[in-house]
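**Student:** next one to model:
(2 chains)
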Number of protein chains: 2
Amino acid sequence: MTAPVYNRVALIGLGLIASSMFWAIKRGGLANEVTGYARSEATRETARRIGLCDEVCDSAADAVRDADLVVLCVPVGAMASVAADIAPHLKPGATVSDVGSVKRAVIDAVGPHLPETVHFIPAHPLAGTEHSGPESGFAELFDNRFTLLVPVDGTEPAATSQLRALWEGMGANVEEMDADHHDLVLAVTSHAPHLIAYTMVGVADDLRRVTDSEVIKYSAAGFRDFTRIAASDPTMWRDVFLNNKEATLEILGRFTEELFALQRAIRTGDGDQLFDYFTHTRAIRRGIIEAGQDTAAPDFGRSGKKT
Amino acid sequence: MTAPVYNRVALIGLGLIASSMFWAIKRGGLANEVTGYARSEATRETARRIGLCDEVCDSAADAVRDADLVVLCVPVGAMASVAADIAPHLKPGATVSDVGSVKRAVIDAVGPHLPETVHFIPAHPLAGTEHSGPESGFAELFDNRFTLLVPVDGTEPAATSQLRALWEGMGANVEEMDADHHDLVLAVTSHAPHLIAYTMVGVADDLRRVTDSEVIKYSAAGFRDFTRIAASDPTMWRDVFLNNKEATLEILGRFTEELFALQRAIRTGDGDQLFDYFTHTRAIRRGIIEAGQDTAAPDFGRSGKKT
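**Tutor:** Down below sits the predicted model:
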């Protein structure tokens, strides 16, 4: 067992990411003590029942007291008020981080509340499932997935290195990125695809000539994969779209432009254009498999993860 | 071992579906002999090398001679010419079927070529992976998936029952459906989602400020699932869209309408509308899991299938 990276870690918000962090921290012996807090009493009770966190506190202030690392694991829209709550109770020299899916908005929301005596290093683990809540976490969630650190100007390199060591200890591949670039990359790879999946699932449900039960019964691979994406946490995704508005709308604009071109090819019967397009996208998939972000196996290489 | 359903089955076209049918027929002892034909000599050689089909013939005419069931497993756009090729060689009383993803166009393309002495029963197994070719098949592909039979007017019920028995023997749940309704249901659950996935993957690749390697490295769940869908066989999908034009374009029209409404909610910051929409789509996902078409497990319940 290697030495712990932090003495005391506080997890604020106890959903999929925080609960997975707890189990991954325990797996790696990465902290001596992990405290937790959730706004909902029911969540705190569940956490206590399943042994999530060494101590579940009844206030965020109690949870962060004496913590060397505080990780905000709440929806992006709740970050500002949580930061304001905990700010007076932070230990000087502590690091404050988060796991939000957008970074510029989090920096704007959290940064102004924090005292000068703490390090603020936003982060974003690119990992998740369609499940949420304190019971959905598992230690392997971050294994071989990327976690992006987005240090703000003037952050001490030693503090960043320490946070990097924690994420690497939890199994992640860590990279650093500028906040605005992060938000654009994620708009392409995650935010726009999620909105599109939500929309397609909504359309299917809205059609009157195809019954719900038919859509459900005959949901072949295409639609079924969309429904999985579209089952993700509504609060989290509402906040993502409201807080990465410009980049998401830009990508969606490009998407509809491209979709109209393909619709036109269908309407005019331009088989060559369709064939070329589909051949090209197939090659992109091969690139992803070669980059090790997925496997060629039909189960996405997910076997062995929590079921 | 139950008695074989057919004495001799001919598979025309030896891709993912035909090769999976062969292994599933062998697994169930559903035919005494299975012949196969593929237009490409390389495919025929591969089939012979891996033992796909009891006999791989060098012409479609040879393959269908004396066959009690002939299954056209070629792209929809190739159905008409294959039907014309085999028509003079079909055994009287034989059943001709297919596995195409659209049904009205296949009926129009194949029907006129067939002699009155054969039964024509179009079919569509709702199963697939993003892989293609003679080596991609596996016996379990159809297990617990739906296969839709689309008998044309005047088909003998006994012939339909026999084909149903074959598909049930291959593990499928079999239902009958009218051709036009089939094409609409599939436009919703499969065809439109595939075009959307192709488009999103194309857009991501087309952006200049996000490098290819970034898109590939950071392709979180949302985009990665899209790339899997968008890696499906280009020829097959070109033909699907060209042959289910009206229904696909109608669904895409509804999709863009709905997408514009959500884009507007993002632009105006209407969090309530987004939250309500996402909550609703999450419920649809639950319906699919309850209907047994998927599992709640992160691996989609696919473990144990061919890797």
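**Student:** mind showing which ranges of the stretch 151-300 of chain A have poor pLDDT?
**Tutor:** A:208-209, A:212, A:220-222, A:288-289, A:291-300 (pLDDT under 70).
**Student:** all helices for it, in order.
**Tutor:** Secondary structure of the stretch 151-300 of chain A (DSSP state H, counting those that start in this stretch): helices located at A:157-169, A:179-186, A:192-206, A:212-217, A:221-229, A:234-243, A:245-268, A:271-290.
**Student:** give me the contacts around the third one.
**Tutor:** Helix A:192-206 is touched from outside by A:210, A:212, A:215, A:223, A:226-227, A:229-230, A:232, A:237, A:240-241, A:248, A:251-252, A:255, B:188-189, B:192-193, B:196, B:200, B:203, B:222-223, B:225-226, B:251, B:254-255, B:258-259, B:262, B:266, B:277-278, B:280-281, B:284-285, with contacts defined as C-beta atoms under 8 Å, 6 or more residues apart in numbering or on different chains. For the C-beta atoms, the positions are set from N, CA and C on the backbone; glycine is no exception.
**Student:** ditto for stretch A:224-237
**Tutor:** For stretch A:224-237, the surrounding residues in contact (C-beta under 8 Å, 6+ apart) are A:15-16, A:75-77, A:101, A:128, A:130, A:132, A:193-194, A:197-198, A:200-202, A:219, B:193, B:221-222, B:225-226, B:228-229, B:274-275, B:278-279, B:281-282, B:284-286, B:288, B:293-294, B:300.
**Student:** and the stretch 51-200 of chain A, which residues reach chain B?
**Tutor:** A:77, A:126-131, A:146, A:148, A:184-186, A:188-200 (C-beta under 8 Å from any C-beta of the partner chain).
**Student:** that older thread, among the helices of the stretch 151-300 of chain A, which comes closest to A:E140?
**Tutor:** Using C-beta to C-beta as the criterion, the shortest distance between A:E140 and those is 13.3 Å, found for helix A:157-169.
**Student:** which strands and helices sit next to that closest one?
**Tutor:** Using 3 or more C-beta pairs under 8 Å, 6 or more residues apart in numbering or on different chains; DSSP states H and E as the contact criterion, the neighbours of helix A:157-169 among helices and strands are strand A:6-12, helix A:16-28, strand A:69-72, strand A:95-98, strand A:123-125, strand A:146-149, strand A:173-176.
**Student:** could you check the angle strand A:6-12 makes with whichever helix or strand comes after the third one?
**Tutor:** The reference is to strand A:69-72. For strand A:69-72, the following helix or strand on the C-terminal side (DSSP states H and E) is helix A:79-86. Note on geometry: by axes from the mean of the first three to the mean of the last three C-alpha atoms, to 10 degrees, helix A:79-86 and strand A:6-12 are set 130 degrees apart in direction.
**Student:** what's the burial count for the closest residue to A:P125 other than its chain neighbours?
**Tutor:** Here the nearest residue to A:P125 in space, its sequence neighbours aside, is A:T147; by C-beta to C-beta, 6 or more residues apart in numbering or on different chains that works out to 4.4 Å. Number of residues near A:T147 (other C-beta atoms under 10 Å in any protein chain shown) recorded here: 22.
**Student:** so what sits opposite A:T147 in the bridge?
**Tutor:** A:P125, A:V174 (DSSP bridges).
**Student:** how close does it sit to A:V99?
**Tutor:** Using C-beta to C-beta, to the nearest Å, we find A:T147 at a distance of 9 Å from A:V99.
**Student:** now do the shared contacts for the two.
**Tutor:** Residues within reach of A:T147 and of A:V99 at once, by C-beta under 8 Å, 6+ apart, are A:123-125.
**Student:** so which of the residues you listed wins on neighbours?
**Tutor:** A:H124 (27 neighbours).
**Student:** show me the contacts for that residue.
**Tutor:** Under the criterion of C-beta under 8 Å, 6+ apart, the contact partners of A:H124 comprise A:99-101, A:103, A:147-148, A:150, A:182, A:186.
**Student:** run the last query once more with 6 Å
**Tutor:** Taking C-beta atoms under 6 Å, 6 or more residues apart in numbering or on different chains as the definition of contact, the neighbours of A:H124 are A:L148.
**Student:** circling back to that earlier point, would you list the helices and strands packed on helix A:157-169 in a markdown table and tack on distance to B:G51?
**Tutor:** Putting these into a markdown table (distance: least, C-beta to C-beta, whole Å) gives the following:
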| stretch | distance to B:G51 |
| --- | --- |
| strand A:6-12 | 55 |
| helix A:16-28 | 45 |
| strand A:69-72 | 55 |
| strand A:95-98 | 56 |
| strand A:123-125 | 46 |
| strand A:146-149 | 42 |
| strand A:173-176 | 42 |
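**Student:** relative to B:S59, which of the ones you listed is closest?
**Tutor:** strand A:146-149 (52.3 Å).
**Student:** and the residue of the stretch 51-200 of chain A nearest chain B?
**Tutor:** Of all residues in the stretch 51-200 of chain A, the one sitting closest to chain B is A:P193 (3.6 Å; C-beta to the nearest C-beta).
**Student:** kindly export stretch A:139-146 (C-alpha atoms) in CSV.
**Tutor:** Written as CSV, here are the backbone C-alpha positions of stretch A:139-146 (Å, rounded to 0.1, in the frame of the first residue of the first chain):
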residue,chain,number,x,y,z
ALA,A,139,-14.6,1.7,-7.3
GLU,A,140,-13.8,0.9,-11.0
LEU,A,141,-15.7,3.8,-12.5
PHE,A,142,-12.6,5.9,-13.3
ASP,A,143,-10.3,3.1,-14.3
ASN,A,144,-8.6,3.9,-17.7
ARG,A,145,-10.9,6.9,-18.2
PHE,A,146,-9.7,10.5,-18.5
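**Student:** roughly how far is that stretch from the heart of the chain?
**Tutor:** Centroid displacement of stretch A:139-146 relative to its chain, using C-alpha atoms, centre = their mean, to the nearest Å, is 12 Å.
**Student:** what residues are up against the closest residue in space to A:N244 that isn't next to it in sequence?
**Tutor:** Spatial nearest neighbour of A:N244, excluding adjacent residues (C-beta to C-beta, 6+ apart): A:V102 at 4.3 Å. Each residue near A:V102 by C-beta under 6 Å, 6+ apart is listed here: A:76, A:183, A:240, A:243-244.
**Student:** between which two of these is the distance greatest?
**Tutor:** Pairwise distances across these peak at 11.2 Å for A:V76 and A:D183 (criterion: C-beta to C-beta).
**Student:** how close does A:A165 sit to A:G13?
**Tutor:** Remark: distance between A:A165 and A:G13 (C-beta to C-beta) = 23 Å.
**Student:** neighbour count: these two, which is higher?
**Tutor:** Between A:A165 and A:G13, counting by other C-beta under 10 Å, A:G13 is the more crowded of the two (25 against 15).
**Student:** let's see the pLDDT reported for the more buried one.
**Tutor:** According to the model's per-residue confidence, A:G13 sits at a pLDDT of 98.
**Student:** ok, it touching A:V71?
**Tutor:** No: proximity of A:G13 to A:V71 does not meet the contact threshold set by C-beta atoms under 6 Å, at 8.6 Å.
**Student:** buried residues in stretch A:62-74?
**Tutor:** Buried residues in stretch A:62-74, defined by neighbour count with 16 or more other C-beta atoms under 10 Å in any protein chain shown: A:63-65, A:67-74.
**Student:** alpha carbons only: can I get it in CSV?
**Tutor:** Taking C-alpha atoms only, stretch A:62-74 is exported to CSV below (Å, rounded to 0.1, in the frame of the first residue of the first chain):
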residue,chain,number,x,y,z
ASP,A,62,-18.8,20.1,9.4
ALA,A,63,-17.7,17.9,6.5
VAL,A,64,-15.1,20.4,5.2
ARG,A,65,-13.6,21.3,8.6
ASP,A,66,-10.0,20.1,8.7
ALA,A,67,-10.3,18.6,5.2
ASP,A,68,-7.1,18.8,3.1
LEU,A,69,-9.2,18.3,-0.1
VAL,A,70,-12.8,19.3,-0.6
VAL,A,71,-14.5,18.0,-3.7
LEU,A,72,-17.8,19.6,-4.8
CYS,A,73,-19.9,16.8,-6.4
VAL,A,74,-23.1,18.7,-6.8
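**Student:** what's in contact with it?
**Tutor:** Here stretch A:62-74 makes contact (C-beta under 6 Å, 6+ apart) with A:6-13, A:17-18, A:35, A:37, A:57, A:79, A:82, A:86, A:89-91, A:94-99.
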